[in-house]
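**Student:** could you look at this predicted model? Sequence included:
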Amino acid sequence: MNAIRTCSLTKYYGKARGIIDIDLAVEEGDFFGFIGPNGAGKSTTIRTLLGLIAATGGRAEIFGRDIRSRREEILADIGYMPSEASFYHGMKVGEVIRYSARLRGRDCREEAGRLCERLELDQEKKVNQLSLGNRKKVSIVCALQHNPRLCILDEPTSGLDPLMQREFYAILTERNAKGSTIFLSSHVLSEVQRHCRKAGVIRGGRLLVSDTIDRLGQTHTKRVTVRGISHAPALDGIKDVKAAGDALTFLYSGSPDVLLKALAAAPLTDINIVEPDLEEIFLHFYREEDEAHDDSES
């Protein structure tokens with residue numbers, strides 16, 4: 001079963017673009033990353049899925065249930081963490097967490113206590129006295145304390161220090177191993193590459209691609225680093241040439257045989273050819289979209 005499925009999901013704010021024709025499928029039990037820069041449409045997609053805003057067109061289902069007609073039933077299965085959380089001024093951390101649990105009609109004290117301990121969160125502090133990172137921790141506990149079947153997390157690690165980020169992902173990995181579906185939006189590509197099994201890339205409100213992390217990396221492009229020459233060979237398929245000290249790096253998407261023959265004639269002292277990281281893959285899909293857009297206008 002799909003935990004999330006959308007068909008031509010569209011949202012406009014008046015004449016302003018939100019998201020356009022999003023076709024997305026996230027299998028139950030997946031650990032899915034939703035990648036895109038600020039303003040790409042990540043939060044709009046999430047808020048539409050949750051029924052916080054109404055879609056302009058298309059449809060979406062959570063665990064096979066329509067988000068419009070069965071919203072309350074769906075929300076009982078979801079733990080949602082917004083990118084920016086606001087709490088009632090003057091309440092203590094523990095009061096906010098218990099209030100969140102009561103809204104669900106659940107007794108979550110035991111799990112909330114475990115999460116607070118792991119995240120080093122003091123339940124006696126007032127929420128208005130907390131740093132950004134500690135407010136994020138409160139939001140994490142509120143989203144996860146009822147052991148939801150689907151966790152939807154919008155830019156969850158901004159403000160968390162590296163140690164807390166590691167603990168947060170350890171918690172998510174444990175939940176995922178027990179069957180929870182994790183759907184998180186991020187523009188921190190290293191996080192997605194390290195923790196997610198699948199990902200979707202969104203830009204300008206449109207989903208560019210959705211696949212496994214491994215297959216997203218199969219762009220037939222390599223990152224090449226050479227030493228001993230100051231200019232890249234004059235070959236088709238070479239992009240993003242950069243010089244750093246005595247090293248020259250570039251992306252290459254042509255024939256390996258052609259590249260090696262060209263470099264064999266150069267006075268190289270070292271060569272390294274590796275798969276590109278997710279950030280370079282991300283930019284690859286964006287370049288493809290820009291080129292397609294330019295072609296359509298010419």
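**Tutor:** Cool, the structure landed.
**Student:** contacts and neighbour counts: CA atoms only from here.
**Tutor:** Noted.
**Student:** helices of this structure, start to end?
**Tutor:** 42-49, 71-75, 93-103, 109-118, 132-144, 162-177, 189-195, 213-216, 256-264, 278-297 (DSSP state H).
**Student:** bridge partners for the nearest residue to residue 42 once chain neighbours are set aside, pull those for me.
**Tutor:** Distance criterion CA to CA, 6 or more residues apart in numbering; nearest residue to residue 42, sequence neighbours excluded, is residue 185 at 6.5 Å. Judged by DSSP bridges, the bridge partners of residue 185 are residue 34, residue 154.
**Student:** re earlier: mind putting the helices of the chain in CSV, distance to residue 6 and mean pLDDT included?
**Tutor:** Below are the helices of the chain laid out as CSV (distance: least, CA to CA, whole Å; pLDDT from 0 to 100):
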stretch, distance to residue 6, mean pLDDT
helix 42-49, 9, 94
helix 71-75, 15, 91
helix 93-103, 28, 95
helix 109-118, 32, 97
helix 132-144, 23, 95
helix 162-177, 22, 96
helix 189-195, 21, 84
helix 213-216, 20, 80
helix 256-264, 40, 90
helix 278-297, 21, 57
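**Student:** and the residue of the chain positioned farthest from its centre, how far is that from residue 224?
**Tutor:** Distance from the C-alpha centroid of the chain, by CA atoms, centre = their mean, peaks at residue 265 (43.1 Å). According to CA to CA, to the nearest Å, residue 265 and residue 224 sit 16 Å apart.
**Student:** what's the answer for residue 32, then?
**Tutor:** Taking CA to CA, one finds residue 32 at 29 Å from residue 224.
**Student:** neighbour count: these two, which is higher?
**Tutor:** residue 32 (25 against 18; other CA atoms under 10 Å).
**Student:** show me what contacts the more buried one?
**Tutor:** Taking CA atoms under 8 Å, 6 or more residues apart in numbering, we find residue 32 in contact with 26, 182-184, 196-200.
**Student:** now tabulate those in CSV and tack on distance to residue 118 and pLDDT.
**Tutor:** Formatted as CSV, the contacts of residue 32 follow (distance: CA to CA, whole Å; pLDDT from 0 to 100):
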residue, distance to residue 118, pLDDT
26, 29, 97
182, 19, 98
183, 21, 98
184, 20, 94
196, 22, 94
197, 25, 94
198, 27, 95
199, 27, 93
200, 30, 93
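**Student:** the residues you listed: which two are farthest apart?
**Tutor:** 182 and 200 (13.3 Å; CA to CA).
**Student:** more neighbours, the two?
**Tutor:** residue 182 (26 against 21).
**Student:** quick one, what contacts the more buried one?
**Tutor:** Counted by CA under 8 Å, 6+ apart, residue 182 has contacts 29-32, 150-153, 172, 176.
**Student:** for the closest residue to residue 135 other than its chain neighbours, grab the count of nearby residues.
**Tutor:** Sequence neighbours aside, residue 127 is the residue nearest to residue 135 in space, at 7.0 Å (criterion: CA to CA, 6+ apart). Taking other CA under 10 Å as the criterion, the count of residues near residue 127 is 22.
**Student:** also residue 103?
**Tutor:** 8.
**Student:** surely the residue nearest to residue 42 and residue 34 touch.
**Tutor:** Yes. Between residue 185 and residue 34 there is a contact under CA atoms under 8 Å: 4.3 Å.
**Student:** okay, and the common contacts of the two?
**Tutor:** residue 42.
**Student:** re the thing from before, so the residue nearest to residue 135 touches residue 89, yeah?
**Tutor:** Yes. Because the distance of 6.9 Å satisfies CA under 8 Å, residue 127 is recorded as touching residue 89.
**Student:** can you check the pLDDT for residue 185?
**Tutor:** The model reports residue 185 with a pLDDT of 92.
**Student:** tell me, how many residues neighbour it?
**Tutor:** The burial count for residue 185: 25, using other CA under 10 Å.
**Student:** mind listing what it touches?
**Tutor:** 33-36, 42-43, 153-156.
**Student:** what's in contact with stretch 258-276?
**Tutor:** 217, 221-229, 233, 235.
**Student:** partners of residue 62 in the sheet?
**Tutor:** Applying DSSP bridges, one finds that residue 62 bridges with residue 4, residue 65.
**Student:** let me redo that: residue 11
**Tutor:** Applying DSSP bridges, one finds that residue 11 bridges with residue 19.
**Student:** verify the contact between it and residue 49 for me.
**Tutor:** No. With contact defined as CA under 8 Å, residue 11 does not reach residue 49; the gap is 11.0 Å.
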